[in-house]
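Everything below, folded, please.
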Amino acid sequence: MVWEDRLDTRAEIRLPTTELRDDLPFFTRTLKMRLDMIYPADDPEVAVLSGHGLRIRIQKGAPEAPGTLRILTEDPDGFADGKRELVAPNGTRIEIDELNPPMVLPQTEHAFVVRRLADQAPWVIGRAGMEYRDLIPSRLGGAMIASHIRVPDGPVPDMVHFHKVGFQLIFCINGWVDVLYEDQGGTRRLHAGDCFIQPPQIRHKVLHAADGIEVIEIGVPADHVTEIDHEMELPTPHERPEREWDGQRFVHSLCKDGVFEPFRIPGFEARDTTINENTKGVASVMVARPLEGHEPVWTRHEGDILFNFVMSGSMLLEGEGKEPYRLEKGDAFVIPPRMATRYSDPSGNLELLEVSLPGSFDTHVVDEV
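Have a look, this model is predicted:
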């Protein structure tokens with residue numbers, strides 16, 4: 001039998017006290033917890049209370065420090081007379097906070113960023129044994145995180161989970177990976193050049209990865225919460241491709257179906273992943289490549305965030321007031337608004353992954369820099 005399913009197994013947190021009769025009114029009336037057990041009757045030294053998904057044992061003379069309890073509620077202003085911090089008679093600190101706090105999108109701290117694979121930034125082990133390489137160390141002030149991720153081949157020890165996020169992209173640059181998504185049918189396989197957008201709070205689970213799988217993951221904001229859903233089983237019984245999460249639809253864009261059209265930068269063409277349309281303008285994801293016989297031009301953009309990752313080939317990135325950077329496969333860069341840049345000397349096999357927020361913005365050709 002699985003331990004979690006045993007009815008005779010409980011867990012509780014022990015807190016110390018010097019005088020139990022002082023603590024009981026606070027925990028039952030102020031914190032609205034239920035008294036479940038108390039003994040001995042003539043001079044109580046132990047009380048067990050439960051509430052808010054928590055079970056605590058207040059014990060006279062217990063050796064632990066008083067600690068901190070965090071109570072999360074949908075109505076923090078109506079709980080404990082609106083106080084957000086309290087101290088119990090036994091010294092335990094109480095924090096009252098929102099059960100579902102609103103997501104905060106930080107103001108973007110614009111910067112010209114170049115992150116090269118040759119600089120050998122460290123790979124760190126993250127969730128489910130995956131390896132992460134940070135592509136924007138500054139996170140643009142917390143506005144965005146961009147990660148180059150390697151997934152160990154074979155089954156992935158993942159659980160059904162979701163992210164409290166404003167925008168999230170998974171773009172496969174090598175190998176393949178199988179993922180299940182809420183209300184999107186059975187297993188979906190992402191190949192090199194394909195991408196998913198994971199709308200806010202869509203439940204999903206990584207199943208299996210091919211040897212050498214690599215993806216680029218974009219998250220907005222940089223610091224966002226990942227929660228495990230212990231109740232939902234995937235796949236879900238119904239496929240609902242039109243469903244929206246916070247106004248966004250799930251997108252599974254296939255490289256093989258892409259059509260290249262003129263890009264916002266003269267001398268380049270790009271294929272659209274339909275993410276701009278399906279996020280209602282939150283973000284755009286394009287794959288751009290150079291056209292033959294075109295001279296490079298200087299441009300400025302009027303967007304907020306403009307991130308690029310070199311998927312193949314090479315180019316010279318020129319920036320206003322900056323030394324030129326020779327970029328190769330695996331390099332990434334961010335161009336701040338209104339900074340003049342030029343993509344020069346592109347190799348014939350150059351492919352750029354461009355992620356922009358918002359999805360639509362103006363780009364101007366600059367005559368002189």
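
thinking residue 121 is in contact with residue 134, fair?
Yes - counting by C-beta atoms under 8 Å, residue 121 sits close enough to residue 134 to count as a contact (6.3 Å). (C-beta placed from N, C-alpha, C; glycine too.)

Can you check which residues contact both of these two?
Listed as contacting both residue 121 and residue 134 by C-beta atoms under 8 Å, 6 or more residues apart in numbering are residue 115.

Looking only at neighbour counts, state which of the two leads.
Taking other C-beta atoms under 10 Å, residue 121 and residue 134 do not tie; residue 134 has more neighbours (17 against 14).

can you pull up the bridge partners for the more buried one?
residue 147 (DSSP bridges).

Does it touch residue 144 like I think?
No - shown here, residue 134 and residue 144 do not form a contact pair, counting by C-beta under 8 Å, at 11.4 Å.

Surely residue 141 is in a helix?
Yes - assigned with DSSP: H, G, I helix; E, B strand; the rest coil, residue 141 falls within a helix.

Would you state the helices of the stretch 251-369 of the chain in chain order?
Shown for the stretch 251-369 of the chain, the helices assigned by DSSP state H, counting those that start in this stretch span residues 275-278.

So which residue of the chain lies furthest out from the middle?
residue 42 (54.3 Å; C-alpha atoms, centre = their mean).

which SS state does that one fall under?
Taking three-state DSSP, the label given to residue 42 is coil.

Work out for me the element residue 35 sits within.
strand 34-39 (DSSP states H and E).

domain parsing for this structure?
3-98, 123-233, 257-366 (automatic domain parsing).

Show me how far the longest one is from its chain's centre.
Meaning domain 123-233. 8 Å (C-alpha atoms, centre = their mean, to the nearest Å).

Direction included, what does the host helix or strand of residue 14 pair up with?
Assessed by DSSP H and E, residue 14 sits inside strand 13-17. Sheet partners assigned to strand 13-17 using DSSP bridges are listed as strand 54-60 (parallel).

got the angle between the partner strand and strand 34-39?
Put simply, strand 54-60 runs at 30 degrees to strand 34-39, going by axes from the mean of the first three to the mean of the last three C-alpha atoms, to 10 degrees.

ok, back up a step: what pLDDT, on average, does the helix or strand just after the strand holding residue 35 get?
The first helix or strand that comes after strand 34-39 along the chain, using DSSP H and E, is strand 46-51. The predicted model gives strand 46-51 an average pLDDT of 96.

ditto for stretch 288-301
95.

hmm, back to that, buried stuff in the strand holding residue 35?
Under the neighbour-count criterion of 16 or more other C-beta atoms under 10 Å, strand 34-39 has nothing buried.

again with stretch 346-356
Quick answer for stretch 346-356 (16+ other C-beta under 10 Å): 346, 350-356.

again, but for stretch 67-79
Buried residues in stretch 67-79 (16+ other C-beta under 10 Å): 69, 71, 73, 76, 79.

Put the alpha carbons of that stretch into PDB.
C-alpha atoms of stretch 67-79 as PDB (Å, rounded to 0.1, in the frame of the first residue of the first chain):
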ATOM      1  CA  GLY A  67       9.000  29.100  13.700                       C
ATOM      2  CA  THR A  68       6.700  30.800  11.100                       C
ATOM      3  CA  LEU A  69       3.300  29.800   9.700                       C
ATOM      4  CA  ARG A  70       2.100  31.200   6.400                       C
ATOM      5  CA  ILE A  71      -1.600  31.200   5.900                       C
ATOM      6  CA  LEU A  72      -2.800  31.700   2.300                       C
ATOM      7  CA  THR A  73      -6.400  32.900   1.800                       C
ATOM      8  CA  GLU A  74      -8.600  34.300  -1.000                       C
ATOM      9  CA  ASP A  75      -9.500  37.100   1.400                       C
ATOM     10  CA  PRO A  76      -6.400  38.200   3.400                       C
ATOM     11  CA  ASP A  77      -8.100  41.600   4.300                       C
ATOM     12  CA  GLY A  78     -11.000  39.800   5.900                       C
ATOM     13  CA  PHE A  79      -8.800  37.300   7.800                       C
END
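
Report the distance from it to the chain centre.
With C-alpha atoms, centre = their mean as the basis, stretch 67-79 stands 25 Å off its chain's centre.

low-scoring pLDDT stretches of this structure, where are they?
Applying pLDDT under 70 to the chain picks out residues 1-7, 127-128.

at 50 instead, please
Within the chain, the ranges that satisfy pLDDT under 50 run 1-3.

Looking at it, which helix is longest?
Longest helix in the chain by number of residues (criterion: DSSP state H): helix 20-25.

got the CA coordinates for that helix in PDB?
These are the backbone C-alpha positions of helix 20-25, laid out as PDB (Å, rounded to 0.1, in the frame of the first residue of the first chain):
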ATOM      1  CA  LEU A  20      -0.800  26.600  26.600                       C
ATOM      2  CA  ARG A  21      -3.900  28.400  27.900                       C
ATOM      3  CA  ASP A  22      -2.500  31.600  26.300                       C
ATOM      4  CA  ASP A  23      -2.100  30.100  22.900                       C
ATOM      5  CA  LEU A  24      -5.500  28.400  22.400                       C
ATOM      6  CA  PRO A  25      -7.600  31.500  22.000                       C
END
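
Show me where the stretch 51-200 of the chain has its strands.
Using DSSP state E, counting those that start in this stretch, the strands of the stretch 51-200 of the chain run over residues 54-60, 68-73, 85-87, 93-98, 113-115, 124-125, 131-134, 145-150, 154-155, 161-164, 167-174, 176-181, 188-191, 195-197.
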